[in-house]
Each structure stands twice: as C-alpha cells, then as structure tokens.
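Asker: Predicted model and sequence below, questions to follow.
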Amino acid sequence: MTEDLTVALHERLDALDVPPGDVATVVRRGRRLRRRRQARTTITLVATLALAWFGATALIPTAGERAADGYARFDPFDVSQGLRAYADPGFAVHMGGQTFDATELTYLDTDAVATPRGVLFYDHGRPMLMREDGEVVALVDGPVDAVPGFRPTAKIDSRSDEVAFAIVEDDEAVITVRDLATNEDVHEWRTPCEPCSAIRIDAYDDGVLYLRTGRSTVAVLLATGEVVDLGATTRIADVRSGVVLYNGATPRPTTTRGWTFVRGPVDAQLTFDGAHVLDWSSSLRPTDPSGQPLQLDVARTTDAGPAFWTMDTDGSVLVAAVNGRYPNFTVYDCELPSGSCTEVGPLRPRGGDPAFIGNDM
C-alpha cells in the first residue's frame, strides 16, 4: 500500500463516528443470520479492507462444513418417482434406483427421514441432508449442543418441500422449518427444554408443528406462535391435510383449527390427503366413517407370510411382500387411489426383516 493511500484511508476512517457497542444485539443478529443463511454485505468506504478480511476468513470451515467432511460423496439417485428408500439392514440401502453399501450409510436408518430432496439425519445433534446428487450437507452451520439421548426426529409436509427439524442451542430447543427446494427457512420456534432429550417432533402439517416436550404433546401454530396443549397422555402418530391421527387420550384443544381427530396406532400413517390410514395392511381404512377403504393390488395373506408397508415421499405406498418363501421379498410401489402396484425389485435380506428409511415400524 502506498504512503499516500495509507494517509488518505486514515484521514477518512478517523473522521467516521463510531456507534456505541451493543453486544446483545450483535449476538442476536448473528444467530439470526446464521440460521437463515443469508449474507448481506454493506458497501462502505472501506470495502477494500472488508474484501481482504473476507478472503482470509472464507478459508476457515464452518462447524457444518467440518461435519459434512466426514461423509463420502455417493452416486446420484432419482427421486422423480418418490425416494423408494428401503434397506437390507446392515448390508444394503436402496434409494431412487441405486443400491448403496449399508456399512457406509449406517446413519440412514429408520430414525432418518425420507424427503423429496433426499434423506435427513442427525450427526451429534446436527441435522444433515444426503441430497439426491449424493452429497451430504449440513442444514445448520453454527454451533449446536450435543445432548445425550437427543433424538428429535424430523418431519416433512406432504403438500410442500418443507421439513421441520430441531437442534439444541444454549439450552433451548430450536425447531426450524426449511423449504428444501429454495434452502430458505420459513419458520422458527424456540422453547427452553429440560431435559432437551425429551423433545420429539411427531408431525408437521401446513404450518403447524406437533411435538412432545416431555411434559405434554402440543401443537404450535408457527405463523402466530400460539401453543395448543393436546394432552400429556396423547401421542400424535401422523398429521396430513388437517387430519390428526392420534393414540392415547382424545385431544381436547382450546382451538379447533378445523382439525379432524382420528384414533389409530402410533406406528400407523396417513395418506397425504388425510383420507385413509395405512396400518400394516394393503387395505387402507377411511378416516371418514362414510368413506370407502382403498385396496392395494398387493394383498397380505397368511399363506404368503409377512409384509411391510410405508408411505413414500410422493404419496404412493411402498410394500415389501414375501414372494414364495421367507426371506424372499419383492418390493412394490403402489399408486393411490387406484391401488395399482409396480414392481420395484427383489429383496432377499440378510440382516433381518426389510426396513424402510424413515419409518420406525
């Protein structure tokens, strides 16, 4: 830097008024920017100096980047017909027409969450996404608390690319709803948690978050922040299109929000329109007493042996049914409401019964 330029910079910078420091505001804004992943640069007279500073610090990896470094990049997979994610536990994982070595994907289990954009899982409390291009990325870059026993799960919205996930930060549970198509955060909700390991996300549907806090099951209307108590002994199995599938005590909320409450097992699922319950059968029962069941072409019979079911990310039903003798299975993808099924492929598991990624049956 020449002597004239140095003198000129000092004269201009010394003339600027320095605002008083506000540490609390800086920390709060820093957290908000980190969570939303938005960077806004103010062009000032010292832009040259700021550019030099950025060039030096950009080489320092974030916590999220360091976490993602531990994962290899895998072959891309096709999500256009749903994720079609199922596994031979401990041996092979099948997703989007690709087969992966399960020993390299131990984190993709029934606690992971199948989404239209890949599979979401947690790494020491940090939410991660294995995208359809085969790359693993961190969904949160800043610091997170690694809380023993913290298994909050994550849930997708059936009508959008929004997914709800949780972290613990400074003894608070922070639940974020992110649009995976745009990578933008659309909602955030915080609550003190003690113990934080008790936090569980049970469902997310159209801007409403359903979770267990350790004291009760609540519904959080994220647009307003209103928290509706659904009962300490109520468990939410699934929520789709305003239909709430629950187990335990019948919820009696102070506001209805147009909810339809339907009793069912905690491991049952709803079709994306909320009209039918998938419950260990190829006959899906209606949630409306006046409705008609849906029948899949692949039927469970006592002669055929066991079968397994789950909802896929595109709203179809995946079925793994015994073909001949156990453990010879065939995996099918069944469209709704027609019930017509397409064979996805054979499966002869060596690690136990077939497993569906994201469905803890």
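Answerer: Arrived safely. Numbers count the residues shown, from 1 in each chain.
Asker: Can you classify Arg66 by secondary structure?
Answerer: Assigned with DSSP: H, G, I helix; E, B strand; the rest coil, Arg66 falls in the helix class.
Asker: how close does it get to Glu172?
Answerer: Applying Cβ to Cβ, to the nearest Å, the value for Arg66 to Glu172 is 23 Å. From N, CA and C alone the C-beta is placed, and that goes for glycine too.
Asker: again with Gly125
Answerer: Gly125 is 13 Å from Glu172, where distance means Cβ to Cβ.
Asker: and if you look at Asp297?
Answerer: From Asp297 over to Glu172 the distance is 48 Å, taken as Cβ to Cβ.
Asker: repeat for Pro89
Answerer: Pro89 is 35 Å from Glu172, by Cβ to Cβ.
Asker: Ok, Thr310 next?
Answerer: Noted for Thr310: a distance of 33 Å to Glu172, by Cβ to Cβ.
Asker: got it, and Gly231?
Answerer: To Glu172, Gly231 is 24 Å away according to Cβ to Cβ.
Asker: again, but for Glu188
Answerer: Distance, Glu188 to Glu172, by Cβ to Cβ: 11 Å.
Asker: Any stretches of the stretch 151-300 of the chain with poor pLDDT?
Answerer: Across the stretch 151-300 of the chain, the ranges flagged by pLDDT under 70 are 299-300.
Asker: Tell me the backbone dihedrals of the residue nearest to His124 when sequence neighbours are not counted, please.
Answerer: Take His124 and drop its neighbours on the chain: the residue closest to it by Cβ to Cβ, 6 or more residues apart in numbering is Ala146, 4.5 Å away. Dihedral angles of Ala146 (phi, psi; degrees, to the nearest 10) stand at phi -90, psi 100.
Asker: count of neighbours near Trp309?
Answerer: By the criterion of other Cβ atoms under 10 Å, Trp309 has 25 neighbours.
Asker: and the helix or strand hosting it, which strands flank it?
Answerer: For Trp309, the host element (DSSP states H and E) is strand 307-311. Pairing partners of strand 307-311, with direction, according to DSSP bridges: strand 317-322 (antiparallel).
Asker: Quick one: name whatever helix or strand follows the partner strand.
Answerer: Next along the chain from strand 317-322, counting by DSSP H and E, comes strand 329-334.
Asker: what does that next one contact?
Answerer: 81-82, 84, 86, 94, 282, 296-298, 312, 316-323, 340-349, 354 (Cβ atoms under 8 Å, 6 or more residues apart in numbering).
Asker: between Gly125 and Glu172, who's got more neighbours?
Answerer: Neighbour count, other Cβ under 10 Å: between Gly125 and Glu172, Gly125 has more, with 19 against 13.
Asker: where does Ile167 land in three-state SS?
Answerer: strand.
Asker: His124 is in contact with that one, correct?
Answerer: No: here Ile167 does not reach His124: they are 10.6 Å apart, not a contact under Cβ atoms under 8 Å.
Asker: Between the two, which contacts overlap?
Answerer: Joint contacts of Ile167 and His124 (Cβ under 8 Å, 6+ apart) are Val144.
Asker: of those two, who's got more company?
Answerer: Between Ile167 and His124, counted using other Cβ under 10 Å, Ile167 has the larger neighbour count: 25 against 11.
Asker: Enumerate every residue touching the residue nearest to the more buried one when sequence neighbours are not counted.
Answerer: Distances taken as Cβ to Cβ, 6+ apart place Val144 nearest to Ile167, at 4.5 Å, with adjacent residues excluded. Taking Cβ under 8 Å, 6+ apart as the criterion, Val144 is in contact with Ala63, His124, Gly125, Arg126, Ile167, Val168, Glu169.
Asker: Met130 too?
Answerer: Contacts of Met130 by Cβ under 8 Å, 6+ apart are Tyr71, Phe74, Leu105, Leu108, Gly118, Val119, Phe121, Val136.
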